[in-house]
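1. for reference, the sequence and a predicted model appear below.
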Amino acid sequence: MPTPRPPAWILVSLRPRGGHEALRRAAARHGAGLLALSPWALRPREDAASRQALDAALDAQALVFTSPAAVRAAARLRPLRERRGQHWLAVGAGSAAALRRAGIAAVRAPARMDSEGLLALPELDGISSVGLVTAPGGRGMIPAILAARGAQVHRADVYDRVPLPPGAAALERLRGLDRPAVLALSSEQALRLVLEQWPAAAATALRRCAVAAASERLARIAAGYALGPVAVAGDPRPAALAATAHALIAAA
């Protein structure tokens, strides 16, 4: 049996624990291996206070889900059912697909899959109340701008990001990278945690990587940390990140 050919380059993932497979498959289609670095695990909330907050959010005129994890965690707490006159909105295509799997047929997601794209949706113009289904931290622009527009925002934090220490084997692979590598960047919080709380060797190694950023905002953040070169995928989905990373490798 022939020996498998080693990958020509490495895509570095900062997805949550257990969330790397789609990016691994996308990387493989471009001849890359995946280095999985999980800064955190996702833990659904199950307490009464979270259920009460979700109930208030589900009564709002518009509902905003910030991630597929938010959809899954909310569905664990309460059945998700469309009500007459409500708008069900998702930050990205992945969250929209999760809502459809949960039984919500009429879901809208912006073409620009970030906070700015969501806030530009016409369904949020002149809205009186918004249920924001999310997790603590991140997406701070959404409630602030909606409140400034006069909407009452009912926030439901339905899951937590639990920080994880770096795995010794993964950290050693990162430090010992011997081929070109690109960081797939779709979370500001994940990047900050790794660069600011993990051992300094992790930050040093990541600064040797190019960056495929899901948005212009994330590209600016990566540049501010002296990571780069940076290219913008314009989309947080694995296929877009892997294709952008491959283009960076080809251009090097």
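-> Yep, it's here. Residues are numbered from 1 along each chain as shown.
2. what ranges do the helices span in the stretch 101-250 of the chain?
-> Remark: helices assigned in the stretch 101-250 of the chain by DSSP state H, counting those that start in this stretch are 115-119, 141-148, 168-175, 188-197, 200-206, 216-224, 238-251.
3. got JSON lines for those, with mean pLDDT too?
-> Shown next, in JSON lines, are the helices of the stretch 101-250 of the chain (pLDDT from 0 to 100):
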{"stretch": "helix 115-119", "mean pLDDT": "90"}
{"stretch": "helix 141-148", "mean pLDDT": "92"}
{"stretch": "helix 168-175", "mean pLDDT": "89"}
{"stretch": "helix 188-197", "mean pLDDT": "93"}
{"stretch": "helix 200-206", "mean pLDDT": "91"}
{"stretch": "helix 216-224", "mean pLDDT": "93"}
{"stretch": "helix 238-251", "mean pLDDT": "96"}
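4. would you turn these into a markdown table with distance to S13 and mean neighbour count?
-> Bear in mind the C-beta positions are built from the backbone N, C-alpha and C, glycine included. Formatted as a markdown table, the helices of the stretch 101-250 of the chain follow (distance: least, CB to CB, whole Å; neighbours: other CB atoms under 10 Å):
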| stretch | distance to S13 | mean neighbour count |
| --- | --- | --- |
| helix 115-119 | 22 | 19 |
| helix 141-148 | 25 | 15 |
| helix 168-175 | 10 | 14 |
| helix 188-197 | 10 | 17 |
| helix 200-206 | 12 | 16 |
| helix 216-224 | 14 | 17 |
| helix 238-251 | 9 | 20 |
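5. please, where are all the strands along the stretch 1-150 of the chain?
-> 9-13, 32-36, 40-44, 62-65, 87-90, 107-108, 129-134 (DSSP state E, counting those that start in this stretch).
6. quick one: which of the ones you listed is nearest A251?
-> Proximity to A251 (CB to CB) singles out strand 9-13 among the strands of the stretch 1-150 of the chain, at 12.2 Å.
7. what does that closest one contact?
-> For strand 9-13, contacts defined as CB atoms under 8 Å, 6 or more residues apart in numbering pick out 20, 23-24, 26-27, 31-37, 174, 177, 179-184, 206, 209, 241-242, 245-246, 249.
8. just stretch 131-146 next, same as before
-> Residues outside stretch 131-146 that contact it (CB under 8 Å, 6+ apart): 42, 54, 56-60, 62-67, 69-71, 74, 91, 115-116, 118-119, 124, 127, 130, 153-161, 187-189.
9. ok, back up a step: most tightly surrounded among the strands of the stretch 1-150 of the chain?
-> Comparing the strands of the stretch 1-150 of the chain by mean neighbour count (mean count of other CB atoms under 10 Å), strand 62-65 ranks first with a mean of 28.
10. can you tell me the strand partners of that one and which way each runs?
-> Neighbouring strands of strand 62-65 in its sheet, by DSSP bridges, are strand 87-90 (parallel), strand 129-134 (parallel).
11. got the domain ranges for this structure?
-> Domain assignment for the chain by automatic domain parsing gives 9-39+164-251, 43-161.
12. residues contacting R100?
-> Going by CB under 8 Å, 6+ apart, R100 touches V107.
13. going forward can the numbers begin at 49, since that is how I track them
-> Sounds good: first residue 49 from here, last item R148.
14. any idea how far L128 is from it?
-> For R148, the distance to L128 equals 11 Å [CB to CB, to the nearest Å].
15. what do you get for Q134?
-> With distances taken as CB to CB, Q134 is found 11 Å from L128.
16. Y207 now?
-> Distance of Y207 to L128, given as CB to CB: 15 Å.
17. between those two, tell me which one has more neighbours.
-> For Y207 versus L128, neighbours defined as other CB atoms under 10 Å are more numerous around Y207 (23 against 19).
18. just list whatever residues bridge to the more buried one.
-> P92.
19. contacting residues around it?
-> If you count contacts by CB under 8 Å, 6+ apart, Y207 has them with L90, R91, P92, R93, A117, A118, A121, A183.
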